[in-house]
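A.B. asks: any chance you could fold what I've pasted below:
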Amino acid sequence: MYKYTDAEKKEMVSKIVVIVDTKEQKNNHIIEHFEKKEIKYVEKNLEFGDYAFYVEKCETIGIMRDTYFQNEIIIERKASLEELSNNLTEGRQRFKNEFLRAEDAKKIMIVEKGSLMELATGKYNTKFDKKAFLASVLSLNIQFDVELVFILETITGHYIHEVFKRFVLHHYK
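C.D. replies: Next comes the predicted model:
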């Protein structure tokens with residue numbers, strides 16, 4: 001197996017294009033970050049997840065075509081605990097089906113407004129019982145291997161890009 005040099009890995013990272021699902025809403029802060037930092041992105045319908053990526057072809061290092069990773073890693077974004085609560089009550093089966101379709105992918109779910117402490121203590125604006133809500137979130141983690149990350153919306157765009165960079169660096173050793 002070919003071992004890439006640090007310079008070649010840096011070139012691959014520079015070829016990352018973030019795929020933003022066309023159904024993703026209220027994500028101007030993320031798009032603005034991508035544009036400000038000159039991070040390439042495209043809007044495209046994704047079968048599952050809100051964000052995925054591909055590496056553009058780079059013939060100089062032997063990557064002869066665009067290489068897509070949306071079946072290997074996805075990021076699902078929730079703007080708040082309230083949105084997550086809605087997905088786990090009214091839209092529960094649709095939400096679970098999305099994770100089922102992403103069976104083999106690494107799945108990361110980010111929640112921008114809220115924390116584990118707020119989730120566990122019921123400090124959110126829904127009628128979802130705090131024990132049931134926490135149990136549902138933990139079940140997602142166990143049943144579908146979903147990594148849950150609480151994050152400030154001011155760094156969401158940066159976080160998404162960094163996760164994909166690290167994935168590329170790990171994938172191409």
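A.B. asks: is E112 part of a helix or strand, or is it coil?
C.D. replies: Of the three states, E112 takes strand under DSSP: H, G, I helix; E, B strand; the rest coil.
A.B. asks: tell me if I'm right that it and I75 touch.
C.D. replies: No - with contacts counted by CB atoms under 8 Å, E112 stays clear of I75, the gap being 11.9 Å. Glycine gets a C-beta too; all of them are placed from N, C-alpha and C.
A.B. asks: ramachandran coordinates for K127?
C.D. replies: Backbone torsions for K127, taken as degrees, to the nearest 10, come to phi -90, psi 0.
A.B. asks: cool, A52 as well?
C.D. replies: When read as degrees, to the nearest 10, the backbone of A52 gives phi -150, psi -170.
A.B. asks: my guess is it contacts R77. True?
C.D. replies: No - counting by CB under 8 Å, A52 does not reach R77; the two are 11.9 Å apart.
A.B. asks: ok, residues contacting the worst-scoring helix or strand of the chain on mean pLDDT?
C.D. replies: The weakest-scoring helix or strand in the chain, judged by mean pLDDT, DSSP states H and E, is helix 92-101 (a mean of 88). With contacts defined as CB atoms under 8 Å, 6 or more residues apart in numbering, helix 92-101 is touched by E47, F48, G49, E76, N87, L88, K107, L140, Q143, F144, V146.
A.B. asks: do the same with stretch 109-127
C.D. replies: Here stretch 109-127 makes contact (CB under 8 Å, 6+ apart) with 75-82, 84-86, 89, 129-130, 133-134, 137, 140, 146-153, 156, 159-160.
A.B. asks: same question for stretch 163-173.
C.D. replies: Here stretch 163-173 makes contact (CB under 8 Å, 6+ apart) with 1, 3-4, 8-9, 12-13, 16, 18, 53, 55, 69, 72-73, 75, 106, 108.
A.B. asks: among the residues you listed, which are located in strands?
C.D. replies: In strands, judged by DSSP state E, the following of these are found: I16, V18, F53, V55, I73, I75, K106, I108.
A.B. asks: run through the bridge partners of the last one.
C.D. replies: Think I108. I108 has these beta-bridge partners by DSSP bridges: I75, E147.
A.B. asks: now swap in the fourth one and tell me
C.D. replies: Taking DSSP bridges as the rule, V55 bridges to I16, T67.
A.B. asks: number of nearby residues for it?
C.D. replies: Residues lying near V55 (other CB atoms under 10 Å) number 23.
A.B. asks: that one and I61 touch, don't they?
C.D. replies: No - applying CB under 8 Å, one finds V55 not in contact with I61, separated by 10.5 Å.
A.B. asks: I am finished for the moment; much appreciated.
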